[in-house]
Structures are given as C-alpha cells and as structure tokens.
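Chemist: Following is a predicted model, sequence given first.
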Amino acid sequence: MSTPKLRLSYSNLLDLLVPIVSILLGLIVGMILIALAGKNPFGAYGAMFSGAFGSINNISEVIIKTAILTFTGLSVAFAYKVGLFNIGAEGQFIIGAITAAFLGHWVHLPGILHIPLIMVASFITGGLWAAIAGWLKVTRGVHEVISTIMLNWIAVYLVESWLVTGPLSAVSATGSNDAGTPIIDGSAMLWRFIGYPPDQAGKIGLLAVIFLAASIVAHYILNRSPLAKATNWIISLVIGAGVAGLSSIAIFQWQYGIPGARANIGIFFAMAAVAITFILLYRTVTGYEIRATGFNQEAARYAGINIKQRTILTMFIAGGLSGVAGMLMVCGTERRFPGVFPGGYGFDGIAMALIGQNSPIGTFLASVLFGIIRGGATSMQLPPYEIHKTFADIIQGSVVLFIASSNIIRYLLMLPLKRKGEVD
Amino acid sequence: MFEQILTAALFSMLQFGTPILIAGLGGVISENSGVVNLALEGTMRMGGFFSVVGAFYTGNAWLGLALGIGMGAVMGLLAAWVTVSWRGDQVVYGVAINVFALGGMTYLLERFFNTTGHSPSVPSFSSGVLISPTFAQGLLVFLVVCLTYAVVSWSMARKKDHNAKRALILTAVIGLPLGIAISFIPPVRDIVFGAFNRQTIFVYFALILPFLLHFLLFQTKWGLRIRAVGENPKAADTLGINIYVIRYACVILSYVFGAIAGASMSIGQLDLFENNMPAGKGFIALAAMIFGKWKPLGTLAAVLFFTLAGVAGDLIQGLSTTYPVLASIPRGFLNAFPYMLTLLALAGFVGRAVPPAADGIPYEKGEK
C-alpha cells in the first residue's frame, strides 16, 4: 500500500503533467491532420518552428504575439479567480486599442510621459468596460457571460464601424486615404528593438540599465521582507528572461540590424504583468480576498469580505489587462487602429488562461508556446505544405479539448502506478 | 410603403432569428439537464459545414441535412462522454470546441473544396417554400394560438397556479377567435404572407420547436426527469432516475439542434458554406438562452426581442429616405443598437437570471 506522501507528490506532479501531456497530444493531433492531407507532418512542423525562429522578423512576430496573448490570457485568468468567466476580453481589447489610438494622435507629450499616460488610460477604459459587466453582475444579477458578449458586440460596432470609419478616421483627421485612424505620434510608439524610431541603442541601453537596477532593488527588498521566499524565483525568472531577451536583441541588432521588425518593449510589460498579477493574487490581502470570493462566495461573505466590491474590482483589473493588450497592438505593432482590425486575441486569451490552468505563470508559458505556433503557422502556408494558418486554431482547440478531458489523462497517467499497487 | 417596410422587416427577422432560436433551444435542453453547453458557436459551424459536404456529395439537400445532424449527434456523444462520464469541465470543453471548429472547418474547407473562402453551391433549401395566402392565414391563426398559450401559461406560472387543462381551454377560448379575427385583417394577412412566402423549412421548424420543447419539459414525465436531474441530481438518482441516460440524451439533442441551426444558415439561407459562419450567432444564441432564463418560451421571447431590436436598425435606415434626420445616425450605432438594448433590458426589468441549480456541476454516483 501507498504512503500518503507519495500520493500527494504524484498528484502535484499530475497537475503539472496534465497541461504538458495535453499540449503534446494537441501537437500529435495536428500531425495526424497534416499526414491525412498527404503531407509530411515532421517537415511541416519543421517549417513551422523554423518559420517561428528562422529570421529576425519572424522572431519579432512571435515576441509581439506572445506579449499580447499574455495580457489577454492574464485578463481571463484573473477574472476566473473571482469566479467570473470573462468572454469579453475581445471587447476590452478593442476599447483599450481605440483609447491608445486616440491619445496617441490627438495628445502631444514627450515620450517619457506619453507612453505611461496611454498605458494607464487604456487600462482604465478597458477596465471600466469590463467593470460594467461586474457591476451588472453584483447589482442586477446579470450573468457575466451574456453581458460581456453584448459588450463585445457594442465595442466592435461602436469602434470599428463608427469611430474608426467616422470621427476618428484618418480621412476626417488628416485627409489622407489610409484606412483606420491616423498614425500616432513618435512619442507614443513603443520602443522597437530594431528600426524606427531611430536612436535605438541609447534607448535600449537606458532601458536595460533601468530594468536591471529595478529588478535588483526589488530582489533586495523582497529578500528582506517576510514575503521573500516564494516570490524570489519569479523575480529571478523575470530578471533572467529580461536579461536574456535584451542581450539576444543586442546581439541580433549587431549581427543583422534588419529594419522593420516590429518586436518592442511590450514583451517586458507582459512579463512585468505576470509578476504583478502573481504578487497581487497570492501575496496581498486583496488577492486573498479575491480568491476567497471565487472559491466560496458564502464563506467569503461570512468572513466579512465585500463581495460586490471585490467582484467589480476584479473585473476592472481583468478588463484593464485586456485594454493594455489593445494598447500594445496600437502603440507597438500597428501604430494606428487599423482599418481591418486583427481581432481574435481576446478569444485566444480564453484558451491561454485555460491551458495555463488560470495561473499567471502558466498563462505566460502557454502564450509563449502559442506565440511560437501562431508566428510559425504563417510559414506553413508556403509550398510545399500550403496549410492554412488557422491550423494554429486546430492545435489550440485540441489542446483545450484535452485540458477539458483532464480526468481521462489523469486516469491514464495513474494506470502504471495502479498496476504497481502504489495508489488506489 | 409602411406595409412593404414591415414585410421586409418581418422577413429579415425570421431569417435572422431562425438559427439563433434553434441553437438557443439546443442550449436550453442541455442546461436544463445540468450540462452547460458553451459550444453552440462551434457546433453551428460544424453542422453547417457538414450539411454542405453531404449535399455536395449526395446531390440532395435532405441527405446533406442528415449528415449535418449525424455529425451533431456524434459531437454530442463525444461531449457527453467527456463532460458527463468523465466529469470534464463543461466550460473548458465548450471553448475547446469553438476554437477547434474555427480552425478545423477552415482545414476541411481547404481539403474538400480547395478554398478558404466559401464552398461551391450545393443543392439546398434556400429557394424556400412557396405558400398560398390561405396558408398564411392558417399560419397566423396557429401563431396567435401558440402565443396566447405562451402568455396564458406564463401568467399562470407567475401566480404559481399552473393547470395544463385550464391553460388549454383558456387558449382555445381566447386564442382561436382572436387568431381567426386577426387573420382576416387584410394588411396583417398580407404582411404575414409576404414575410413567410419563400422562407425555408427551418423557419417553420424554429417556430414550432419552442412550443414542443415547452411541452416536453413541463408537461411530460421525461421533462420532469430532465428538470429534476438539472436541479437536484442526487435526489433524482435516489428516485431511480438514470442521470447518465438523461444527460447523454439531452447533450446529444443539444448538439443536434446546434447542427440544425448551422444547416439553417448554410443550406437554408444560402446554398453554400462561408468560412466566417456562423459569425457569432452561437454566442448570441447563448445570450438569448440566458436572457430567456433557460426556458424554451423565454428563449423565444428573447430571440423575438433581439431580432426586433436588430431590424429596428434596418427600419430606421429604410425610413431615412422619408425622414432625412434619421440618416445622420451613424451606421455603427444602428448596428450596436440591439446589443445595447439587450444590455439595458437585462439591467432594467429582466432581473436575476437563475440557472438550473446543478447546471455545470458534473455528477458522480455515490458522491456525498
């Protein structure tokens, strides 16, 4: 018979194994489909991964997608902690994006103020958009799924078929023939690692110094405070990733120096957001109350937690995260609210949160993986494979499908132990 | 002039509402048995696609529909296996199907038809059913009687005094003469004739279905069992009801309805599958179901409200030639109008939405 300790640790391991096995199974489903189409699955996957990492431009696209997916994923995961299902990430994303496009063109400030202002504003507008759903939930009992779906459509129509084609369009603002809103000011553009705006090296150097100094100071402070141990490794993760990212970028720029790659400092914001949401959720009283509310509302109410206020606050933060995702798209990638909006990031965020088991770190890792898959899927469209890029959706869908079937995977993973008689 | 606009409005209401209503009722049947179905969007997409594939290869729209329904049943079986037998997370499963259908149908569209735009034309129901004015009159009577029944049973339920026999008698006494009287008012008759002429069979299916489901859920032994399983599976189990059988049946039926809703778009309104189908209609169906408080007639009312708000935008556009003031309203506002109205209605007078008590909670036999 088993010892309780073994069972506990194996079940902990299973929690980690289930998403990993799901991802592997999802990739295998993708391979089978490619094979059924009469093409070489290994070659196609090779094309996908070399597509993702093959050139500086492609890596750049992967970095962009990862950053945006992380934000929308965190948005869904965060709302889930209070027990709300945020289908509205897409709408909050659009609201954040149009806020950024508006402030980027119509407000003129130096860069050091402009970008923070836009980020805070996008956070607030996206957050307020989501807070409507939170408010309706706690005061009027309106189910958040229906209200966020409605808010999505309202955002789509008001922004895309009114603001962007009407009062905020480039045509009416500057008289140009471009679709979408006018190009934002240079000061509102997120610093790209390569290419425009110029004088990159100085900015990156400055950024690196600030980033490292801030991380070290944070690490030092955390080490002395009571909340040290558990957060240490997250901080080091952020630092490690940041340093690695920066140094690789320095090398790439020195080696290739190709202009036009769109990767930007948004990825650092994404990593910072992961750390902040983690600390907020697991190391603060507010986070504890949010999780308590999501875990058992009645118990939380009995413990004196203000459920209504916590629910609205959670939706606000969740919406804010999606809003910043929209801001990253406008200030980092597109430089305007484009005429044909690259939607879907909000809905993909749902999958990221689910694959990441609603944990901030997991969501980030899922976003990295699907940033790579989505970035690489465009390369599979070329001959000889000619597989449409929505192939990434198939992989994403099957992975979530396997996550939903986690009990089956759990059962299968337990089988070898069962045979040994180590668990019952 | 007004008559023409109203006819056109009613026509597009029926077209717009049909897939939403059928899919929404699919959600109703599943969730009343305690299984959340978030996969309506994906199911519609798959059902719509496979109906086209079936019609393409057999050359027969009915066989196409049969293939779509068959696919829906298979998907429902899989969904029930994962979420009922293996107690998988129902919300996660629904999201998965939606994402999977998005990429999967694009892949299959490319495999079967070598395109990522839309499939070739296939035999379909899109030419619609030609009706006679007399048929329109009969239809009008039928609709008025059904609606009277809905109102009567709703007001009885409100007073917590529901009596099936009394409801039927009241309906016959009030609804029948009322329907016959209305059906002889010439403009009303003409509008109904104009709006229903050349509509597809799916429209008729969608109009009968809520009443059938209402009858099934609230007037039959099986309906009682379904609701018992959805509200308190433990008690139902104790009484010897096989929870798994009920939930399997309801989930499969739900996916079949989803597939039919998809077919009503691909081989109903059109004669091909467009790659952006169903363009969010599945989510609106979900919203309509919640709006309708998880009840068949409530969902019908929600879809009616929703389509009314939807055509209100078209109406305003139609009237803007006569009243130039209306032309200054931006198109985006008109498009967003139904959704804003729904949100306001939800916030204002619809009130708390209470799902079946065990909705979304997997049942494990012998669990304490």
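Modeler: Now that the structure is in, tell me what you want to look at.

Chemist: Which strands and helices lie in contact with the longest helix along chain A?
Modeler: Counting residues, the longest helix found in chain A (DSSP state H) is helix A:4-36. Packing partners of helix A:4-36 (3 or more C-beta pairs under 8 Å, 6 or more residues apart in numbering or on different chains; DSSP states H and E): helix A:41-53, helix A:345-355, helix A:360-377, helix A:391-404, helix A:406-420. For the C-beta atoms, the positions are set from N, CA and C on the backbone; glycine is no exception.

Chemist: Verify the stated contact: B:Ile97 with A:Leu401.
Modeler: Yes: B:Ile97 is within contact range of A:Leu401, at 7.3 Å (criterion: C-beta atoms under 8 Å).

Chemist: So if I had to pick from those two, which one is more boxed in?
Modeler: Per other C-beta atoms under 10 Å in any protein chain shown, whichever of B:Ile97 and A:Leu401 has more neighbours is B:Ile97, with 29 against 23.

Chemist: give me the element the more buried one is part of.
Modeler: Taking DSSP states H and E as the definition, B:Ile97 sits inside helix B:90-113.

Chemist: Could you tell me the angle between that helix and helix A:4-36?
Modeler: 20 degrees (axes from the mean of the first three to the mean of the last three C-alpha atoms, to 10 degrees).

Chemist: any bit of helix B:90-113 sitting next to chain A?
Modeler: Yes: applying C-beta under 8 Å from any C-beta of the partner chain, one finds helix B:90-113 in contact with chain A at B:90-93, B:95-104, B:106-107, B:110-111.

Chemist: Low-confidence ranges, chain A, go.
Modeler: A:1-12, A:111, A:193-261, A:420-424 (pLDDT under 70).

Chemist: per the record, what domains does it have?
Modeler: A:1-39+A:387-424, A:65-192+A:261-384 (automatic domain parsing).

Chemist: For the longest one, measure first residue to last.
Modeler: End-to-end distance of domain A:65-192+A:261-384: 25 Å, with C-alpha to C-alpha, to the nearest Å as the criterion.

Chemist: From B:Leu216, how far out is the nearest residue to A:Gly343 once chain neighbours are set aside?
Modeler: Counting by C-beta to C-beta, 6 or more residues apart in numbering or on different chains, A:Gly343 lies nearest to A:Glu90, which is 6.5 Å off, once chain neighbours are set aside. A:Glu90 sits 36 Å away from B:Leu216, going by C-beta to C-beta, to the nearest Å.

Chemist: So the two - more neighbours on which side?
Modeler: A:Glu90 (27 against 16).

Chemist: Quick one: residues contacting the more buried one.
Modeler: The neighbourhood of A:Glu90, defined by C-beta atoms under 8 Å, 6 or more residues apart in numbering or on different chains, consists of A:Asn152, A:Ala155, A:Val156, A:Ser322, A:Gly343, A:Gly344, A:Tyr345, A:Gly346, A:Phe347.

Chemist: With neighbour count added, can I get those in CSV?
Modeler: Listed next are the contacts of A:Glu90 as CSV, based on neighbours: other C-beta atoms under 10 Å in any protein chain shown:
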residue, neighbour count
A:Asn152, 25
A:Ala155, 26
A:Val156, 20
A:Ser322, 38
A:Gly343, 14
A:Gly344, 16
A:Tyr345, 25
A:Gly346, 27
A:Phe347, 21
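
Chemist: got the residues you listed as TSV, with distance to B:Ile252 columns?
Modeler: Below are the contacts of A:Glu90 laid out as TSV (distance: C-beta to C-beta, whole Å):
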residue	distance to B:Ile252
A:Asn152	29
A:Ala155	35
A:Val156	33
A:Ser322	35
A:Gly343	32
A:Gly344	30
A:Tyr345	34
A:Gly346	31
A:Phe347	26
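
Chemist: that older thread, the domains of chain A into TSV, with extra columns for distance to B:Ile246?
Modeler: Formatted as TSV, the domains of chain A follow (distance: least, C-beta to C-beta, whole Å):
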stretch	distance to B:Ile246
domain A:1-39+A:387-424	21
domain A:65-192+A:261-384	24
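
Chemist: Comparing those domains, which stretch has the densest surroundings?
Modeler: domain A:65-192+A:261-384 (a mean of 22; mean count of other C-beta atoms under 10 Å in any protein chain shown).

Chemist: now that domain: how far from the chain's centre is it?
Modeler: Put simply, domain A:65-192+A:261-384 sits 8 Å off its chain's centre (C-alpha atoms, centre = their mean, to the nearest Å).

Chemist: List the buried residues of the helix or strand following the helix holding B:Ile97.
Modeler: Following helix B:90-113 in sequence order, the next helix or strand is helix B:133-158 (DSSP H and E). Using 16 or more other C-beta atoms under 10 Å in any protein chain shown as the test for burial, helix B:133-158 gives B:136-137, B:139-150, B:152-153, B:156.

Chemist: model confidence over helix B:133-158, on average?
Modeler: Helix B:133-158 carries an average pLDDT of 85.

Chemist: what's that helix packed up against?
Modeler: Contacts defined by 3+ C-beta pairs under 8 Å, 6+ apart place helix B:133-158 against helix B:164-183, helix B:186-196, helix B:201-219, helix B:296-319.

Chemist: No more questions from me, cheers.
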